[in-house]
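Q: Okay, sequence plus prediction incoming.
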Amino acid sequence: MNIDELKNAWNDDVSDDTPEISIEQNNKINLPLEKIRKNMRMEFWSTIGILIFGFVVVWIPVPEAPFKFKFYLTVLLFSMVIVVSFFFSKFFKLYKDISSPMLKTYDSLKDLMYQFDLNKQYYLSFMLSFVPFLVCELIIVIEFLPHRKPLSDIKVATTIISALAIGMFGLFLLGKYWYRIFYGKYVQQIENLLIELKK
Amino acid sequence: MTSVEQEFLHKIEKHKGIIFKISKMYMDDKDDCDDLFQEITYQVWKAYSGFRGESEFSTWLYRIALNTAIVFLKSEKKRSFIGNEDFTDYKIIEDEYDHEKEEKLSEMYKAINQLNPIDKAFIFYYLEDFSGREIAEQMGISEGNVRVKMNRAKNKLKDILNSK
């Protein structure tokens, strides 16, 4: 078959046996954005689950635990809930607003890529937003947990600064790794299409 | 059903054949093909309120259909070497069955399926007789770039067809 015969074959393909038309969205998820949205929902509920677990652990009745200790941790966890809700509301809004198949193909792919990049930045900010919480929790634990001998100022400062440095670095790397594992292949797919179109 | 829905269904009915052909160009498995067909229909419906009639409905629809097909992901089901349903389910009943035509169609789709998603879009516009200027407008690239990419896509397709 040569390329002209191909055109004839194309014009001859007049099958009436097409699937039924439906304007309802089916439940299958085959677009990268839908996949990401599904992952996001899963992450959101896992995070909420972890935070609820945190509240339960803090309020397990332990007579030695002072009220202030529990209260500070509760306030911290509550603040984390607000931060998590803020970021996830941004993520969900982002996915609701994007996907513009009406644009020209190149612009549509660029738009998708831009939204992925924006999401990546949000994602890393989301991970880094946990650093102050970790440090605060560490301070509360250091202050309230009984020690055999009091900690020196140097030791307290070293512990907190190390936690800050390791926490920031660790969460940044975790964010990048997590993003690559869960979303990277979709981003790569769009990136490859853009390269192909630009080549 | 609202009047907008009716109007839309009336319009899309006329073009369902071409949507199905695009689905077959992009998916080599019957289930994936059906899914892509439904996804395109849904995306066109979602975008329908934004259709201003500045271009032909078909031109507008092709753009959405191809943009959807290009980023469409195949289902992640485990594929068996012998178990995949192909397009035989769509074949017409034996009395009316034109073997030669079906073979040619099968050969055509098999060859197109081997191209990458961008080349498939160029081949689609070629098969639908779009001019260089129209393709450039649809794809958002220059006419010169369209010429280069069209030649490249056609050559790849020729190589695939000749290798059979």
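A: Now that the structure is in, tell me what you want to look at.

Q: hang on, isn't A:Y122 packed against A:F88?
A: No. Applying CB atoms under 8 Å, one finds A:Y122 not in contact with A:F88, separated by 9.8 Å. C-beta: built from backbone N, CA, C; applies to glycine.

Q: Neighbour count for the two, which is higher?
A: More neighbours sit around A:F88 than around the other of A:Y122 and A:F88, counting by other CB atoms under 10 Å in any protein chain shown; the figures are 19 against 15.

Q: And the strand or helix carrying that one, what's buried?
A: Taking DSSP states H and E as the definition, A:F88 sits inside helix A:67-97. Of all the residues in helix A:67-97, those buried under the rule 16 or more other CB atoms under 10 Å in any protein chain shown are A:69-70, A:72-73, A:76-77, A:80-81, A:84, A:87-88, A:91, A:94-95.

Q: what do you get for stretch B:3-15?
A: Judged by neighbour count (16+ other CB under 10 Å), stretch B:3-15 contains these buried residues: B:F8, B:L9, B:I12, B:H15.

Q: again with stretch A:14-23
A: Of all the residues in stretch A:14-23, those buried under the rule 16+ other CB under 10 Å are A:T18, A:P19, A:I21, A:I23.

Q: so how far is A:K104 from the residue in chain B that chain A sits nearest to?
A: Each residue of chain B has a distance to chain A, by CB to the nearest CB, and the smallest belongs to B:G140, at 3.0 Å. Between B:G140 and A:K104 the distance, using CB to CB, to the nearest Å, works out to 3 Å.

Q: now A:K96
A: 22 Å.

Q: OK, contacts around A:P150?
A: When contacts are counted by CB atoms under 8 Å, 6 or more residues apart in numbering or on different chains, A:P150 touches no other residue.

Q: Three-state assignment for it, please.
A: coil (DSSP: H, G, I helix; E, B strand; the rest coil).

Q: quick one: low-confidence parts of chain B?
A: Residues of chain B that meet the criterion pLDDT under 70 lie in B:74-97, B:164.

Q: which one is the most centrally placed residue in it nearest to, not counting chain neighbours?
A: When chain B is reduced to its mean C-alpha position, the closest residue under CA atoms, centre = their mean turns out to be B:I22, at 1.2 Å. Once flanking residues are discounted, B:I22 sits nearest to B:A65: 5.0 Å by CB to CB, 6 or more residues apart in numbering or on different chains.

Q: Tell me how far that neighbour lies from B:L115.
A: The value you get for B:A65 to B:L115, if CB to CB is used, is 17 Å.

Q: So for the two, which sits in the more crowded spot?
A: More neighbours sit around B:A65 than around the other of B:A65 and B:L115, counting by other CB under 10 Å; the figures are 28 against 18.

Q: can you give me the end-to-end distance of stretch A:143-157?
A: Taking CA to CA, to the nearest Å, the first and last residues of stretch A:143-157 lie 12 Å apart.

Q: Stretch B:44-62 now?
A: Using CA to CA, first and last residues of stretch B:44-62 are 9 Å apart.

Q: Centre of the chain to stretch B:43-53, how far?
A: For stretch B:43-53, the separation from the chain centroid amounts to 19 Å (computed by CA atoms, centre = their mean, to the nearest Å).

Q: Could you work out the end-to-end span of that stretch for me?
A: 17 Å.

Q: In that stretch, which residues are buried?
A: Counting neighbours by 16+ other CB under 10 Å, stretch B:43-53 gives B:Q43, B:V44, B:W45, B:A47, B:Y48, B:F51 as buried.

Q: Enumerate every residue touching the most centrally placed residue in chain A.
A: By CA atoms, centre = their mean, the mean C-alpha position of chain A lies nearest to A:Y123, the distance being 5.1 Å. Listed by CB under 8 Å, 6+ apart, the contact set of A:Y123 reads A:G175, A:W178, A:Y179.

Q: returning to that earlier point: tell me, what's touching B:G140 and A:K104 both at once?
A: With contacts defined as CB under 8 Å, 6+ apart, no residue is adjacent to both B:G140 and A:K104.

Q: Was I right to think A:L109 contacts B:L66?
A: No. Under the criterion of CB under 8 Å, A:L109 lies out of contact with B:L66, with a separation of 11.2 Å.

Q: Might you list the low-confidence residue ranges for chain A?
A: Along chain A, the parts satisfying pLDDT under 70 run over A:25-30, A:32-33, A:97-100.

Q: and stretch B:9-21 with chain A, contact?
A: Yes. For stretch B:9-21, a contact with chain A is found by CB under 8 Å from any CB of the partner chain, at B:L9, B:I12, B:E13, B:K16, B:G17, B:I19, B:F20, B:K21.

Q: In chain A, what residue spans correspond to strands?
A: With DSSP state E as the definition, chain A shows no strands.

Q: Could you count how many residues lie near the nearest residue to B:I118 once chain neighbours are set aside?
A: Leaving out its chain neighbours, the residue that sits closest to B:I118 by CB to CB, 6+ apart is A:E196, at 4.6 Å. A total of 15 residues lie near A:E196 under the criterion other CB under 10 Å.

Q: just A:L134 next, same as before
A: The burial count assigned to A:L134 is 17, neighbours taken as other CB under 10 Å.

Q: Please report how far it lies from A:L173.
A: Relative to A:L173, A:L134 is positioned 15 Å away (criterion: CB to CB).

Q: Equivalent analysis for B:Y62, please.
A: Spatial separation of B:Y62 from A:L173 under the definition CB to CB is 44 Å.

Q: Looking at the two, which is more packed in?
A: Here B:Y62 and A:L173 are compared on neighbour count by other CB under 10 Å; more neighbours surround B:Y62, at 23 against 11.
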